[in-house]
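K.L.:
I'd like to go over a predicted model; first the sequence, then the structure.
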Amino acid sequence: MTKIWGKALLAAASLFAAGCARSDMQDQPKYKPERPSDFFADGRSERQPVAGTVAWGPLDDDTAYYEGKDADGKDIEDFPLVVDKPLIVRGQQRFDIYCSPCHGRIGNGLGMIVRRGFKQPPSYHIDRLRNAPVGHFFDVISNGYGAMLNYAQQIQVRDRWAIIAYIRALQYSQNANVNDLPAEARNRVPAIGQAPIPAQTNEPLVPADSDFEDFPAQPATPSGVPGAHGAGAVHGTGPGSQPERQ
Ligand code: HEC
């Protein structure tokens, strides 16, 4: 009997002590990363990996590929991977998805979001950006630039390089000389004074208004969802109203 009471007393006492000194989870006897230690001879709390340790997962130590920088931290001038047609085609697809909304399909800075009021980016075809090293483009995509947010989360490293390869192709396309064309294509370029080839539309065509004409006036409401609006519903303009057109 006394033994049990003794144990209970001890438990209560230690609880009391813990409460006072806060030797609980908030204040653990542990080292935080990079904290010094006087326990180890080298004064560091962390131990060096033993010789021959193999990294777990990718090492990402190729700064040219992963950061677009050389050993001195300068933007690299040359692509750190093989640029071939599949890479450029992939780049075109990614560019059209992620960049063209602001930069436009040809990179002139007149994308749809800009036409709706967002800050206009510089054209890729100005001399400064035509001469900018590929590492600069990598930096802009990875870290953002002024009003432009970064795309590090959305676009994986290889795709960033693919996009840059495509931007280089765009830049070339807008500054090409007729002599750069193969002979066969050169013949199709009208001579001075000859009727011009019908003007090309550089931007994606805006869908015609008629495409929207059979929008359901009253979008289907999913059954069983109280107050739900179906796809295409316009908020705040009352049921059954057509989307306003500017
Ligand atoms: C939401 C709009 C938007 C999107 C999407 C966007 N950008 Fe930009 N970008 C901008 C704006 C705005 C600027 C100019 C920023 C400034 O000067 O403040 C800019 C600037 C740039 C510049 C020029 C930097 C310089 O040196 O002047 C490059 C290169 C660039 N963007 C590349 C890209 C690429 C590549 C993508 C796609 C991965 C992309 N941007 C997507 C808005 C956008």
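P.N.:
On my side now, so go ahead. Residues are numbered from 1 along each chain as shown.
K.L.:
Could you pull up the contacting residues of the residue in the chain that the ligand sits nearest to?
P.N.:
Of all residues in the chain, residue 146 sits closest to the ligand, at 2.1 Å by C-beta to the nearest ligand atom. Every residue, glycine included, has its C-beta placed from N, CA and C. By C-beta atoms under 8 Å, 6 or more residues apart in numbering, the contact set of residue 146 is residue 119.
K.L.:
Residue numbering should commence at 801 henceforth.
P.N.:
OK, 801 is where the count begins now, so the last one is residue 946.
K.L.:
So is whichever strand or helix holds residue 968 next to the ligand?
P.N.:
Using DSSP states H and E, the secondary-structure element containing residue 968 is helix 957-974. Yes - Helix 957-974 lies within reach of the ligand by C-beta under 6 Å from any ligand atom, at residue 963.
K.L.:
what does the average pLDDT come to for stretch 992-999?
P.N.:
Along stretch 992-999, the predicted confidence averages to a pLDDT of 68.
K.L.:
hmm, back to that, dihedrals phi and psi, the residue of the chain closest to the ligand?
P.N.:
The phi and psi torsions at residue 946 (degrees, to the nearest 10) take the values phi 50, psi -120.
K.L.:
same deal with residue 980?
P.N.:
Dihedral pair for residue 980: phi -80, psi -20, per degrees, to the nearest 10.
K.L.:
tell me how far the ends of stretch 831-838 are from each other?
P.N.:
Using C-alpha to C-alpha, to the nearest Å, one end of stretch 831-838 lies 11 Å from the other.
K.L.:
picking up where we left off before, buried residues, the helix holding residue 968. List them.
P.N.:
By neighbour count with 16 or more other C-beta atoms under 10 Å, helix 957-974 contains the buried residues 957, 959-971.
K.L.:
and what of stretch 847-863?
P.N.:
Residues residue 863 are the ones in stretch 847-863 that count as buried (16+ other C-beta under 10 Å).
K.L.:
Run through who's touching that stretch.
P.N.:
Residues from elsewhere that reach stretch 847-863 (C-beta under 8 Å, 6+ apart): 840, 866, 869, 870, 871, 880.
K.L.:
Of the residues you listed, grab the buried ones for PyMOL.
P.N.:
In PyMOL, this line selects whichever of the contacts of stretch 847-863 come out buried by 16+ other C-beta under 10 Å:
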select buried, resi 866+870+880
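K.L.:
Now render the contacts of stretch 847-863 as CSV, adding pLDDT.
P.N.:
What follows is the contacts of stretch 847-863, written out as CSV (pLDDT from 0 to 100):
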residue, pLDDT
840, 91
866, 96
869, 97
870, 95
871, 92
880, 96
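K.L.:
Among the contacts of stretch 847-863, which ones are in helices?
P.N.:
When the contacts of stretch 847-863 are checked against helices using DSSP state H, the ones located there are residue 866.
K.L.:
quick one, phi psi at the residue lying closest to residue 871 once chain neighbours are set aside?
P.N.:
Distances taken as C-beta to C-beta, 6 or more residues apart in numbering place residue 863 nearest to residue 871, at 7.0 Å, with adjacent residues excluded. Its backbone dihedrals place residue 863 at phi -60, psi -30, with angles given as degrees, to the nearest 10.
K.L.:
Doesn't residue 995 belong to a strand?
P.N.:
No - residue state for residue 995 (DSSP: H, G, I helix; E, B strand; the rest coil) corresponds to coil; a strand is not indicated.
K.L.:
For residue 1022, give me the pLDDT.
P.N.:
The model reports residue 1022 with a pLDDT of 54.
K.L.:
Same check on residue 1006?
P.N.:
In the prediction, the pLDDT value recorded for residue 1006 is 59.
K.L.:
Just the endpoints, please. Distance across stretch 858-877?
P.N.:
The distance separating the two terminal residues of stretch 858-877, taken as C-alpha to C-alpha, comes to 24 Å.
K.L.:
No further queries at this time; thank you.
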